[in-house]
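> mind folding the following:
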Amino acid sequence: MSIIVYLIPVALALGGLGLAAFLWAATSGQFDDPEGAAHRILIDEDKPMGEPASADDAFRNSAE
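From the prediction side, this is the model:
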């Protein structure tokens, strides 16, 4: 029963720490643009990156 005396403050401290971390993240702009990265991946680049390398080229380069 005396362990409760220690567990309740520890639980409250961890809860307060979690709340403080959430409030810091919310006020520092961590949640400002949650969908930007999801839409950014769909946008095509202006210049193509070039021809993809074949598996044979990768094998030849690793053998050298």
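> now do the helices in the protein.
Ranges of helices in the chain, per DSSP state H, are 4-27, 36-40, 55-63.
> lowest-confidence helix or strand of the chain?
Ranked by mean pLDDT, DSSP states H and E, the helix or strand of the chain with the weakest confidence is helix 55-63, at a mean of 61.
> thinking again about what came up before, I'd like the helices of the chain written out as CSV, with mean neighbour count added.
No exception for glycine: its C-beta is placed from N, CA and C like everyone else's. Below are these laid out as CSV (neighbours: other Cβ atoms under 10 Å):
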stretch, mean neighbour count
helix 4-27, 10
helix 36-40, 9
helix 55-63, 9
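> and those helices, which one is worst for confidence?
Here the lowest mean pLDDT among the helices of the chain goes to helix 55-63, at a mean of 61.
> for residue 11, see how far away residue 1 is.
To residue 11, residue 1 is 16 Å away according to Cβ to Cβ, to the nearest Å.
> swap in residue 28?
Applying Cβ to Cβ to residue 28 and residue 11 gives a distance of 26 Å.
> and for residue 29?
According to Cβ to Cβ, residue 29 stands 30 Å off from residue 11.
> try residue 22
In terms of Cβ to Cβ, residue 22 sits 17 Å off from residue 11.
> repeat that for residue 26.
Distance of residue 26 to residue 11, given as Cβ to Cβ: 23 Å.
> burial check on residue 33, number of neighbours?
For residue 33, the neighbour count with other Cβ atoms under 10 Å is 11.
> repeat that for residue 42.
6.
> can you show me the CA trace of stretch 15-30 as CSV?
Taking Å, rounded to 0.1, in the frame of the first residue of the first chain, the C-alpha atoms of stretch 15-30 are listed here in CSV:
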residue,chain,number,x,y,z
GLY,A,15,1.5,12.9,-17.4
GLY,A,16,2.6,16.5,-16.9
LEU,A,17,5.7,15.8,-18.9
GLY,A,18,3.7,14.4,-21.8
LEU,A,19,1.3,17.4,-21.7
ALA,A,20,4.2,19.8,-21.7
ALA,A,21,5.8,18.0,-24.7
PHE,A,22,2.5,18.2,-26.6
LEU,A,23,2.0,21.9,-25.8
TRP,A,24,5.5,22.6,-26.9
ALA,A,25,5.0,20.8,-30.2
ALA,A,26,1.7,22.5,-30.8
THR,A,27,3.0,26.0,-30.1
SER,A,28,6.3,25.5,-32.0
GLY,A,29,4.6,24.7,-35.3
GLN,A,30,5.1,21.0,-35.4
